[in-house]
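Peer 1: One predicted model, sequence on top.
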Amino acid sequence: MNDTFFLDTDTGSVECQVITSLYSEKMKKYYLVYEYVHNESDEVYVSSYDPEDESNTLNDVSPEELEEVTKLLNEDM
């Protein structure tokens, strides 16, 4: 996947690279896994989103959701 997007943050707009998107049956939500393009660290971010939302809002995830996303990612590997 080679999708990029810009995310507005407190410090300005940041270019992000999509790693993957997935759906959790357990949580009944869609998730986006991404990283900052011009970042020297290996940090990866996870947000939930609604594909029907035309504003493309990314939402914070709870620790339980993060655990579920991690589980789903590990199953795909």
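Peer 2: Thanks, I have it.
Peer 1: Which stretches in this structure count as helices?
Peer 2: Counting by DSSP state H, the chain has helices at residues 63-76.
Peer 1: Determine the longest strand present in it.
Peer 2: strand 12-24 (DSSP state E).
Peer 1: Please enumerate residues in contact with it?
Peer 2: The contact list for strand 12-24, computed with Cβ atoms under 8 Å, 6 or more residues apart in numbering, reads 1-8, 29-38, 44-45, 65, 68-69, 72-73, 76. The C-beta positions use only the backbone N, C-alpha and C, and glycine is treated the same way.
Peer 1: could you measure V33 against M27, distance?
Peer 2: Counting by Cβ to Cβ, to the nearest Å, the gap from V33 to M27 is 14 Å.
Peer 1: cool, and E52?
Peer 2: 16 Å.
Peer 1: With neighbour numbers in mind, choose between these two.
Peer 2: M27 (16 against 6; other Cβ atoms under 10 Å).
Peer 1: pretty sure that one contacts S62?
Peer 2: No: when contacts are counted by Cβ atoms under 8 Å, M27 is not listed as touching S62 (9.2 Å).
Peer 1: tell me how far the ends of stretch 8-15 are from each other?
Peer 2: For stretch 8-15, the first-to-last residue distance is 9 Å (Cα to Cα, to the nearest Å).
Peer 1: Can you check the pLDDT for the closest residue to K29 other than its chain neighbours?
Peer 2: The shortest distance from K29 to any non-neighbouring residue, by Cβ to Cβ, 6 or more residues apart in numbering, is to S48 (4.9 Å). Note on S48: pLDDT of 97.
Peer 1: Residue ranges in this protein under the pLDDT threshold?
Peer 2: 1-2, 77 (pLDDT under 70).
Peer 1: again, 50 this time
Peer 2: 1 (pLDDT under 50).
Peer 1: Which residue of it lies farthest from its centroid?
Peer 2: Among the C-alpha atoms of the chain, the one most distant from their mean position (Cα atoms, centre = their mean) is that of T11, at 19.0 Å.
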